[in-house]
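Colleague: no sequence on hand, only this structure:
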(Lines give C-alpha, C1' and ligand atoms only; values in the text may rest on other atoms or scores of the structure.)
Protein backbone atom coordinates (compact mmCIF):
# COMPACT_ATOMS: atom_id res chain seq x y z
CA UNK A 1 0.00 0.00 0.00
CA UNK A 2 1.22 3.49 -0.84
CA UNK A 3 -0.22 6.28 1.28
CA UNK A 4 0.96 9.87 1.29
CA UNK A 5 1.02 11.65 4.67
CA UNK A 6 1.58 15.32 5.39
CA UNK A 7 3.17 16.36 8.70
CA UNK A 8 2.70 19.97 9.75
CA UNK A 9 5.16 21.72 12.09
CA UNK A 10 4.04 25.02 13.58
CA UNK A 11 5.11 27.62 16.07
CA UNK A 12 1.64 28.14 17.48
CA UNK A 13 0.74 31.77 18.26
CA UNK A 14 -1.00 32.94 21.45
CA UNK A 15 -4.37 33.62 19.80
CA UNK A 16 -6.84 31.42 17.95
CA UNK A 17 -7.13 33.73 14.97
CA UNK A 18 -3.37 33.93 14.45
CA UNK A 19 -3.04 30.16 14.91
CA UNK A 20 -5.60 29.41 12.19
CA UNK A 21 -3.96 31.90 9.83
CA UNK A 22 -0.63 30.16 10.52
CA UNK A 23 -1.67 26.52 10.10
CA UNK A 24 -4.32 26.62 7.37
CA UNK A 25 -1.94 27.49 4.50
CA UNK A 26 0.36 24.64 5.58
CA UNK A 27 -2.54 22.18 5.47
CA UNK A 28 -3.43 23.42 1.99
CA UNK A 29 0.21 22.99 0.92
CA UNK A 30 0.28 19.40 2.21
CA UNK A 31 -2.98 18.57 0.42
CA UNK A 32 -1.67 20.13 -2.80
CA UNK A 33 1.35 17.84 -2.47
CA UNK A 34 -0.91 14.80 -2.52
CA UNK A 35 -1.27 14.05 1.21
CA UNK A 36 -4.43 12.12 2.04
CA UNK A 37 -3.76 12.19 5.80
CA UNK A 38 -2.40 15.36 7.41
CA UNK A 39 -1.34 15.77 11.05
CA UNK A 40 -0.70 18.95 13.03
CA UNK A 41 1.19 19.27 16.35
CA UNK A 42 0.11 19.35 19.96
CA UNK A 43 -1.42 22.70 20.87
CA UNK A 44 -2.37 23.57 17.28
CA UNK A 45 -5.06 26.05 18.30
CA UNK A 46 -3.29 28.22 20.89
CA UNK A 47 -0.16 28.17 23.05
CA UNK A 48 0.69 30.57 25.84
CA UNK A 49 3.21 29.91 28.63
CA UNK A 50 1.26 32.06 31.09
CA UNK A 51 -1.65 29.83 32.11
CA UNK A 52 -3.43 32.77 33.73
CA UNK A 53 -3.69 34.28 30.24
CA UNK A 54 -4.23 31.00 28.40
CA UNK A 55 -7.04 29.32 30.31
CA UNK A 56 -9.61 32.15 29.99
CA UNK A 57 -9.19 31.97 26.20
CA UNK A 58 -10.04 28.26 25.90
CA UNK A 59 -13.33 27.37 24.21
CA UNK A 60 -15.44 24.31 23.61
CA UNK A 61 -14.39 22.52 20.39
CA UNK A 62 -17.57 23.55 18.57
CA UNK A 63 -16.82 27.20 19.43
CA UNK A 64 -13.07 27.08 18.75
CA UNK A 65 -12.24 28.83 15.45
CA UNK A 66 -9.17 26.67 14.82
CA UNK A 67 -11.03 23.40 15.39
CA UNK A 68 -14.01 24.43 13.29
CA UNK A 69 -11.78 26.03 10.65
CA UNK A 70 -9.59 22.95 10.24
CA UNK A 71 -12.58 20.60 10.29
CA UNK A 72 -14.14 22.61 7.49
CA UNK A 73 -10.83 22.66 5.63
CA UNK A 74 -10.64 18.86 5.78
CA UNK A 75 -14.05 18.74 4.14
CA UNK A 76 -13.10 21.31 1.53
CA UNK A 77 -9.87 19.51 0.60
CA UNK A 78 -11.29 15.99 0.92
CA UNK A 79 -8.57 14.81 3.33
CA UNK A 80 -8.26 13.24 6.76
CA UNK A 81 -6.86 15.81 9.16
CA UNK A 82 -5.62 15.00 12.64
CA UNK A 83 -5.72 18.11 14.80
CA UNK A 84 -2.77 16.85 16.82
CA UNK A 85 -4.25 18.49 19.83
CA UNK A 86 -6.28 21.52 20.70
CA UNK A 87 -6.47 23.00 24.17
CA UNK A 88 -10.22 23.14 24.77
CA UNK A 89 -12.96 23.27 27.38
CA UNK A 90 -14.77 20.05 28.22
CA UNK A 91 -18.52 19.90 28.70
CA UNK A 92 -17.96 20.09 32.48
CA UNK A 93 -16.01 23.36 32.10
CA UNK A 94 -12.61 21.82 32.83
CA UNK A 95 -9.75 22.07 30.32
CA UNK A 96 -8.53 19.19 28.14
CA UNK A 97 -5.62 18.57 25.80
CA UNK A 98 -7.59 16.88 22.99
CA UNK A 99 -6.66 15.26 19.68
CA UNK A 100 -9.43 15.31 17.06
CA UNK A 101 -9.65 13.45 13.75
CA UNK A 102 -11.56 15.36 11.06
CA UNK A 103 -12.70 13.51 7.97
CA UNK A 104 -13.16 14.44 4.31
CA UNK A 105 -16.86 14.87 5.08
CA UNK A 106 -16.03 17.86 7.31
CA UNK A 107 -16.95 16.08 10.56
CA UNK A 108 -15.02 15.01 13.67
CA UNK A 109 -14.76 11.20 13.62
CA UNK A 110 -12.76 10.61 16.82
CA UNK A 111 -11.47 12.53 19.82
CA UNK A 112 -8.91 11.63 22.46
CA UNK A 113 -8.09 13.48 25.67
CA UNK A 114 -4.45 13.10 26.76
CA UNK A 115 -4.21 10.41 29.42
CA UNK A 116 -0.82 11.13 31.01
CA UNK A 117 -0.21 14.57 32.46
CA UNK A 118 3.34 15.94 32.40
CA UNK A 119 3.87 16.25 36.18
CA UNK A 120 7.60 16.17 36.88
CA UNK A 121 10.30 17.51 39.17
CA UNK A 122 13.62 17.93 37.37
CA UNK A 123 17.13 17.76 38.90
CA UNK A 124 17.58 21.42 37.90
CA UNK A 125 14.90 22.40 40.39
CA UNK A 126 12.34 23.06 37.68
CA UNK A 127 8.94 21.44 37.96
CA UNK A 128 5.91 21.07 35.73
CA UNK A 129 2.33 20.30 36.72
CA UNK A 130 0.19 19.85 33.63
CA UNK A 131 -2.52 18.40 35.85
CA UNK A 132 -2.93 21.80 37.49
CA UNK A 133 -4.42 23.10 34.24
CA UNK A 134 -5.84 20.10 32.37
CA UNK A 135 -8.03 17.13 33.22
CA UNK A 136 -6.75 13.77 31.97
CA UNK A 137 -8.81 11.59 29.68
CA UNK A 138 -10.15 8.23 30.82
CA UNK A 139 -9.77 5.96 27.77
CA UNK A 140 -7.51 4.90 24.94
CA UNK A 141 -8.84 5.68 21.47
CA UNK A 142 -8.37 4.03 18.08
CA UNK A 143 -9.76 5.41 14.83
CA UNK A 144 -9.73 4.71 11.11
CA UNK A 145 -8.72 7.12 8.36
CA UNK A 146 -9.11 5.36 5.01
CA UNK A 147 -6.85 2.30 5.24
CA UNK A 148 -4.97 3.67 8.26
CA UNK A 149 -5.80 2.12 11.63
CA UNK A 150 -4.75 4.82 14.09
CA UNK A 151 -3.92 4.83 17.78
CA UNK A 152 -4.30 8.37 19.12
CA UNK A 153 -1.84 9.61 21.74
CA UNK A 154 -0.26 12.94 22.71
CA UNK A 155 3.30 13.87 23.74
CA UNK A 156 4.06 12.65 27.30
CA UNK A 157 1.94 9.54 26.63
CA UNK A 158 5.03 8.34 24.73
CA UNK A 159 6.68 7.40 28.04
CA UNK A 160 4.02 4.79 28.87
CA UNK A 161 4.45 1.63 26.75
CA UNK A 162 1.35 -0.09 28.15
CA UNK A 163 -0.84 2.46 26.35
CA UNK A 164 0.74 1.63 23.00
CA UNK A 165 0.45 -2.09 23.62
CA UNK A 166 -3.26 -1.68 24.34
CA UNK A 167 -3.71 0.33 21.12
CA UNK A 168 -1.82 -2.27 19.10
CA UNK A 169 -3.92 -5.08 20.61
CA UNK A 170 -7.00 -3.07 19.59
CA UNK A 171 -5.76 -3.13 15.98
CA UNK A 172 -3.86 0.15 15.63
CA UNK A 173 -1.08 0.01 13.03
CA UNK A 174 -0.11 3.70 13.05
CA UNK A 175 0.49 5.55 16.33
CA UNK A 176 0.07 9.32 16.24
CA UNK A 177 2.14 11.23 18.79
CA UNK A 178 1.74 14.99 18.19
CA UNK A 179 3.99 16.81 20.59
CA UNK A 180 5.23 20.04 22.03
CA UNK A 181 8.03 18.14 23.81
CA UNK A 182 10.45 20.22 25.89
CA UNK A 183 13.77 21.06 24.27
CA UNK A 184 16.09 19.27 26.78
CA UNK A 185 14.06 16.06 27.06
CA UNK A 186 13.27 16.17 23.35
CA UNK A 187 16.93 16.17 22.41
CA UNK A 188 17.69 13.37 24.88
CA UNK A 189 14.69 11.09 24.61
CA UNK A 190 12.20 11.84 21.84
CA UNK A 191 13.55 9.84 18.90
CA UNK A 192 14.62 6.82 20.94
CA UNK A 193 11.21 6.61 22.64
CA UNK A 194 9.41 6.82 19.30
CA UNK A 195 11.57 4.02 17.92
CA UNK A 196 11.04 1.91 21.04
CA UNK A 197 7.26 2.20 20.88
CA UNK A 198 7.29 1.39 17.15
CA UNK A 199 9.44 -1.72 17.68
CA UNK A 200 7.42 -2.94 20.67
CA UNK A 201 4.10 -2.66 18.87
CA UNK A 202 5.17 -3.43 15.30
CA UNK A 203 3.59 -0.15 14.20
CA UNK A 204 4.45 3.02 12.34
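Modeller: Arrived safely, thanks for sending. Just so you know, these numbers come straight off a predicted model, no measurement behind them. Numbers count the residues shown, from 1 in each chain.

Colleague: which strands and helices sit next to the strand ranked longest in the chain?
Modeller: When the chain is parsed with DSSP state E, its longest strand is strand 80-89. Applying 3 or more C-beta pairs under 8 Å, 6 or more residues apart in numbering; DSSP states H and E, we find strand 80-89 packed against strand 37-39, helix 65-77, strand 95-102, strand 148-152. Quick note: C-beta positions are derived from backbone N, CA and C, even for glycine.

Colleague: if we use 7 Å, what do you get?
Modeller: strand 37-39, helix 65-77, strand 95-102 (3 or more C-beta pairs under 7 Å, 6 or more residues apart in numbering; DSSP states H and E).

Colleague: how about the host helix or strand of residue 184, which residues are buried there?
Modeller: Assigned by DSSP states H and E, residue 184 falls within helix 183-185. Under the neighbour-count criterion of 16 or more other C-beta atoms under 10 Å, helix 183-185 has nothing buried.

Colleague: ok now that helix, how far from the chain's centre?
Modeller: 19 Å (C-alpha atoms, centre = their mean, to the nearest Å).

Colleague: what angle do the very next helix or strand once past it and strand 148-152 make?
Modeller: Along the chain past helix 183-185, the next helix or strand (assigned with DSSP H and E) turns out to be helix 191-201. Per axes from the mean of the first three to the mean of the last three C-alpha atoms, to 10 degrees, the angle that helix 191-201 makes with strand 148-152 is 120 degrees.

Colleague: before we move on, back to that, what mean pLDDT does the longest strand of the chain have?
Modeller: Summarised as a single mean, pLDDT over strand 80-89 is 97.

Colleague: what's the longest helix in the protein?
Modeller: If you go by DSSP state H, the chain has its longest helix at helix 16-32.
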